[in-house]
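> 3D model of this:
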Amino acid sequence: MAFIQYSMIFLLSLNRLSMMIFVNSYEKCWRRIFPWILIAIVVFPITQTWSIATSNSYYLYVEKLDGYLAKTVADVTGILDVLLTFMGVITILTMSTNILAIIRLYFLADRITEVEKNLFFVSFVAFVIQCIAAGDTVS
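Residues are numbered from 1 along each chain as shown. Below you'll find the predicted structure:
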């Protein structure tokens, strides 16, 4: 789920940036590439987590927790390493995209509509939440 969530937030930021930079042509470009990007966003996590999906999993009762833990015989450390790397790279890309959008908004404030500013604000808030979640995940 984190693969898809981080990808979608980056995609949202990239869409907002392209909307500000390529004012007249961004929509045509996104109509062509968006379905392929979505396919990649869905397929990539499946390739990374296939070993968990195809291996035996079971519940283990833990008395201290007074509950169950889901366990698997698959190597989850390898998947976690890929996930953390992916989260780091996507967070940096999203941050860079948002910084470029802020610069664009600052220098061309008179050419950017209020709607575009609001849409950027939504993508920026999603990025901040993504950073908070990344910090929580890593710690």
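> so where's this structure shaky on pLDDT?
Segments of the chain classed as low confidence (criterion: pLDDT under 70) are 109, 111-112, 139.
> now the helices for it?
Assigned by DSSP state H, the helices in the chain fall at 2-21, 26-53, 76-107, 114-138.
> mind giving me the packing neighbours of the longest one?
The reference is to helix 76-107. With contacts defined as 3 or more C-beta pairs under 8 Å, 6 or more residues apart in numbering; DSSP states H and E, helix 76-107 has these neighbours: helix 2-21, helix 26-53, helix 114-138. Glycine gets a C-beta too; all of them are placed from N, C-alpha and C.
> just say which of these is most tucked in.
Ranked by mean neighbour count, those are led by helix 2-21 with a mean of 19 (mean count of other C-beta atoms under 10 Å).
> go through stretch 67-80 and flag the buried ones.
Residues of stretch 67-80 classed as buried: 74, 79 (neighbour count, 16 or more other C-beta atoms under 10 Å).
> other residues contacting that stretch?
Here stretch 67-80 makes contact (C-beta atoms under 8 Å, 6 or more residues apart in numbering) with 48-49, 51-52, 55-62.
> separation between the residue of the chain most remote from its centre and residue 48?
For the chain, the largest distance from the centre (C-alpha atoms, centre = their mean) belongs to residue 63, which lies 35.7 Å off. Here the criterion is C-beta to C-beta, to the nearest Å. By it, residue 63 lies 33 Å from residue 48.
> residue 126 too?
Counting by C-beta to C-beta, the separation of residue 126 from residue 48 is 22 Å.
> could you dump the contacts of stretch 67-80 to a markdown table with distance to residue 32?
Listed next are these as a markdown table, based on distance: C-beta to C-beta, whole Å:
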| residue | distance to residue 32 |
| --- | --- |
| 48 | 27 |
| 49 | 29 |
| 51 | 34 |
| 52 | 34 |
| 55 | 38 |
| 56 | 42 |
| 57 | 40 |
| 58 | 45 |
| 59 | 45 |
| 60 | 48 |
| 61 | 52 |
| 62 | 50 |
